[in-house]
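Enquirer: okay, here's the prediction I keep looking at, along with the sequence it came from:
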Amino acid sequence: MTDEKTPTVGYMNPPEHSQFKKGKSGNPRGRPRKREGLITVLHRALNRQVQVKDNDQKLRIRDALMWKLRDLALQGDKQAMALQRRIIDESGIADPNAYSPEEEKKQLLRNIQRMIAKTKAKDERDE
């Protein structure tokens, strides 16, 4: 007679010794966690609280850095003054009306119109 149940091995029929065992995961380490982006890590680092030397209060690191930058600028450090000016200009706190929602919408519409005009000009040149 023939062997009892001859194991067939082939496509979609792996040998028994290499099949997944019951109750054991085929991926024991699991899916790797998502790597954090630079902005996330920087945000977490700057929001940490630190003890300030002068008094018994805690400040976020970003606030402590801004206070230190202000102190250096007041002492006459030109690089600190330039950096502080740049931060103020880019944040829009120097002129509160410069970045109002209405002004932002107008700026966005101007940019869209400018892009449409560029594409029209390019299409006319290509023809």
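Expert: Alright, I've got the coordinates.
Enquirer: low pLDDT regions in this protein?
Expert: 1-7, 92, 95-99, 127 (pLDDT under 70).
Enquirer: quickly list the domain ranges of it.
Expert: Using automatic domain parsing, the domain parsing of the chain gives 36-94, 97-127.
Enquirer: so which of these gets nearest residue 20?
Expert: Between residue 20 and those, the tightest spacing by C-beta to C-beta is seen for domain 36-94, at 32.2 Å. For the C-beta atoms, the positions are set from N, CA and C on the backbone; glycine is no exception.
Enquirer: now that closest one, how far from the centre of its chain.
Expert: Domain 36-94 sits 19 Å away from the centroid of its parent chain (C-alpha atoms, centre = their mean, to the nearest Å).
Enquirer: if we can go back for a sec, tell me which of the domains of the chain is the most buried.
Expert: domain 36-94 (a mean of 12; mean count of other C-beta atoms under 10 Å).
Enquirer: quick revisit: turn the domains of the chain into a markdown table, columns for distance to residue 27.
Expert: Output for the domains of the chain, formatted as a markdown table (distance: least, C-beta to C-beta, whole Å):
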| stretch | distance to residue 27 |
| --- | --- |
| domain 36-94 | 22 |
| domain 97-127 | 46 |
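Enquirer: for the protein, which segments count as strands?
Expert: 49-51, 58-60 (DSSP state E).
Enquirer: I'd like these as JSON lines, with distance to residue 79 appended.
Expert: Below are the strands of the chain laid out as JSON lines (distance: least, C-beta to C-beta, whole Å):
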{"stretch": "strand 49-51", "distance to residue 79": "23"}
{"stretch": "strand 58-60", "distance to residue 79": "23"}
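Enquirer: quick one: which of the ones you listed is nearest residue 83?
Expert: strand 58-60 (18.5 Å).
Enquirer: which helices and strands does the closest one pack with?
Expert: Strand 58-60 sits against strand 49-51, with contacts defined as 3 or more C-beta pairs under 8 Å, 6 or more residues apart in numbering; DSSP states H and E.
Enquirer: now what about the strand it packs on, what contacts it?
Expert: 57-61, 64 (C-beta atoms under 8 Å, 6 or more residues apart in numbering).
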